[in-house]
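# Pasted the sequence and its predicted model underneath.
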Amino acid sequence: MSTTKFRWGIIGLGSIANQFATGLQSVPDAELTAVASRTQDKADAFGEKHGAAKRYGSYQELAADPDVDAVYIATPHPMHAEDSILCLESGKAVLTEKPFTVNAAQARATIEAARANNVFLMEAMWTRFFPVMAKVRELIAAEAIGDLRIVQADFGFRAGVNPESRLFNAALGGGALLDVGSYCLSLASMLLGAPEQITGVAEIGETGIDEQNGILLRCAEGRIALLSSAVRTNTPQEATLIGTAGRIHIPSPWWKPSKLVLTRDGQETETLDLPYTGNGYNYQAVEVAECVRAGKTESSVMPQDESLRIMETMDALRSQWGLTYPMER
Ligand SMILES: NC(=O)c1ccc[n+]([C@@H]2O[C@H](COP(=O)([O-])OP(=O)(O)OC[C@H]3O[C@@H](n4cnc5c(N)ncnc54)[C@H](OP(=O)(O)O)[C@@H]3O)[C@@H](O)[C@H]2O)c1
């Protein structure tokens with residue numbers, strides 16, 4: 001552990017920013033140095049609550065602060081690219097909330113900004129960094145269930161319909177695919193690589209966003225992913241990885257996973273307890289600091305080209321559904 005604190009800034013002080021700020025408290029060598037909101041009062045209240053000394057009423061001021069090492073971008077999806085690029089061009093390391101951007105073009109521009117400025121950039125796919133997911137990667141690499149053939153995953157939750165909310169408002173990048181389908185696609189990508197064939201169906205609701213969808217991906221060597229996501233129904237929220245010699249079941253892959261169930265053909269089913277520390281948002285912050293301190297500009301656990309590929313897959317699905325966002329027209 002370094003003796004110097006790694007200094008964080010947060011842009012966009014809504015719901016997830018509160019979770020991330022809480023998560024930082026369990027990272028011994030991290031400090032929440034600065035926070036920025038579009039309004040000074042909100043920045044002051046958030047800074048007070050989470051102990052950030054610097055409180056800005058504009059995102060630009062935080063991006064220009066020389067005392068900030070990395071910025072966590074916690075604005076709605078359509079602002080991720082612009083807010084990330086603002087910070088990258090100021091030489092800050094950036095951790096951008098999921099989905100990485102709204103579309104692949106924005107993802108490319110964001111990655112280009114990171115590379116042009118030689119600074120760190122990572123999508124905040126927080127679930128990838130839990131001990132459970134590290135164990136999944138280890139078991140799959142060791143062929144504990146033989147050759148992985150099928151990934152099944154779903155993420156649906158019942159949100160109250162509010163046309164103005166981030167989830168239902170097309171101008172804020174609403175819809176199940178970008179908000180929660182992104183988790184399922186990210187898991188499939190992590191385990192199966194790039195899709196060779198992408199098929200999906202969706203129900204587009206009255207606010208013009210996908211309220212539910214079903215996705216089928218065919219990946220290398222005939223491996224398949226069956227995924228679904230929704231914002232008007234509570235689905236089981238599970239993932240099952242099926243191989244030629246067994247299965248791994250992750251009962252709660254998206255919300256603070258702490259166990260998995262391993263079934264090897266012909267053997268007793270085992271439950272592996274893999275507890276997490278903090279509130280779970282701490283792991284991705286540790287990854288950023290470790291990478292930046294090691295002089296890396298990206299994470300091997302959540303590489304930039306993979307975030308881009310996931311956005312390309314979402315573009316392909318939305319194209320099949322005729323779903324475009326106002327900022328794309
Ligand atoms: N990793 C996770 O578990 C997780 C969970 C939830 C959400 N997320 C992601 O985090 C991002 C933010 O989600 P959230 O639930 O925290 O949203 P939220 O509560 O609405 O907060 C978003 C914040 O962004 C800022 N903002 C800037 N422009 C805005 C605009 N035009 N309209 C509304 N807000 C605007 C606001 O902060 P200021 O007023 O301070 O400027 C707002 O408080 C999303 O991309 C989402 O996918 C991740």
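Everything's here; your move. Numbering: from 1, shown residues only.

# which residues does V151 form a beta bridge with?
On the basis of DSSP bridges, V151 is bridged to A225, L241.

# Just give me the neighbour total for it.
Using other CB atoms under 10 Å, V151 is surrounded by 25 other residues. Placement of C-beta: from N, CA and C, glycine included.

# Identify the residues contacting it.
187-188, 191-192, 223-227, 239-242 (CB atoms under 8 Å, 6 or more residues apart in numbering).

# Relative to I204, how far out is D210?
6 Å (CB to CB, to the nearest Å).

# quick one, which of these two is more surrounded?
Per other CB under 10 Å, whichever of D210 and I204 has more neighbours is D210, with 25 against 16.

# surely that one meets A202?
Yes: under the criterion of CB atoms under 8 Å, D210 makes contact with A202 at 4.0 Å.

# Which residues of the protein lie near the ligand?
Counting by CB under 6 Å from any ligand atom, the chain comes close to the ligand at 12-16, 37-39, 42, 74-77, 79, 97-98, 124, 126, 166, 172, 179.

# Leaving out chain neighbours, which residue sits closest to the closest residue to the ligand within the stretch 1-150 of the chain?
Here the residue of the stretch 1-150 of the chain nearest the ligand is G14; by CB to the nearest ligand atom that distance is 1.8 Å. Of all residues not flanking G14 in the chain, A74 sits nearest, at 6.3 Å (CB to CB, 6 or more residues apart in numbering).

# Just give the number of residues close to that neighbour.
Residues near A74, counting by other CB under 10 Å, number 25.

# And the one 4 residues further on, by the same measure?
By other CB under 10 Å, 24 other residues sit near P78.

# how much space between E238 and I248?
Distance, E238 to I248, by CB to CB: 11 Å.

# tell me the strands in this structure, going along the chain?
Per DSSP state E, the chain carries strands over the ranges 6-11, 30-36, 54-56, 70-73, 93-97, 121-124, 148-156, 195-204, 210-219, 224-230, 239-243, 246-250, 259-264, 270-273.

# could these go into TSV alongside mean pLDDT?
As requested, these are exported to TSV (pLDDT from 0 to 100):
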stretch	mean pLDDT
strand 6-11	98
strand 30-36	98
strand 54-56	98
strand 70-73	99
strand 93-97	98
strand 121-124	99
strand 148-156	98
strand 195-204	98
strand 210-219	98
strand 224-230	98
strand 239-243	98
strand 246-250	98
strand 259-264	98
strand 270-273	98
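
# Reformat those strands as CSV; add distance to R137.
Shown next, in CSV, are the strands of the chain (distance: least, CB to CB, whole Å):
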stretch, distance to R137
strand 6-11, 25
strand 30-36, 24
strand 54-56, 37
strand 70-73, 24
strand 93-97, 20
strand 121-124, 17
strand 148-156, 11
strand 195-204, 19
strand 210-219, 16
strand 224-230, 16
strand 239-243, 11
strand 246-250, 11
strand 259-264, 12
strand 270-273, 13
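
# how about low-confidence regions in this protein?
Applying pLDDT under 70 to the chain flags the ranges 1-3.

# need the contact list for the residue nearest the centre of it.
Centroid-nearest residue in the chain, with CA atoms, centre = their mean: M125, separated by 2.6 Å. Counting by CB under 8 Å, 6+ apart, M125 makes contact with 98, 182-183, 186, 284, 302, 307.

# let's go with 7 Å and repeat that
Counting by CB atoms under 7 Å, 6 or more residues apart in numbering, M125 touches 98, 186, 302.

# List the contacts of the first one.
Right, K98. 123-125, 182.

# Would you format those as JSON lines with distance to E138 included?
Listed next are those as JSON lines, based on distance: CB to CB, whole Å:
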{"residue": "E123", "distance to E138": "22"}
{"residue": "A124", "distance to E138": "23"}
{"residue": "M125", "distance to E138": "18"}
{"residue": "S182", "distance to E138": "24"}
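
# Report how many residues lie close to the closest residue to Y283 other than its chain neighbours.
Closest residue to Y283 apart from its sequence neighbours, by CB to CB, 6+ apart: F129 at 3.5 Å. Neighbourhood size, F129 [other CB under 10 Å]: 22.

# Please verify my assumption that F129 contacts N282.
No: F129 is beyond contact range of N282, at 8.8 Å (criterion: CB atoms under 7 Å).

# How about residues contacting the longest helix anywhere in the chain?
Ranked by number of residues, the top helix in the chain under DSSP state H is helix 304-321. With CB under 7 Å, 6+ apart as the test, helix 304-321 has contacts from 99-101, 103-104, 107-108, 111, 114, 121, 123, 177-178, 182, 185-186, 189, 194-195, 198, 200, 202, 204, 210, 215, 298, 324.

# are any of these buried, and which?
99-101, 103-104, 107-108, 111, 114, 121, 123, 177-178, 182, 185-186, 189, 195, 198, 200, 202, 204, 210, 215, 298 (16 or more other CB atoms under 10 Å).

# buried set for stretch 140-155?
So stretch 140-155, judged by 16+ other CB under 10 Å, has buried residues 140, 144-145, 148, 151-155.

# Ok, stretch 112-126 next?
113-114, 117, 119-126.

# Those residues into JSON lines, with extra columns for distance to K135?
Formatted as JSON lines, the buried residues of stretch 112-126 follow (distance: CB to CB, whole Å):
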{"residue": "A113", "distance to K135": "34"}
{"residue": "A114", "distance to K135": "30"}
{"residue": "N117", "distance to K135": "35"}
{"residue": "V119", "distance to K135": "31"}
{"residue": "F120", "distance to K135": "26"}
{"residue": "L121", "distance to K135": "27"}
{"residue": "M122", "distance to K135": "21"}
{"residue": "E123", "distance to K135": "21"}
{"residue": "A124", "distance to K135": "21"}
{"residue": "M125", "distance to K135": "17"}
{"residue": "W126", "distance to K135": "16"}
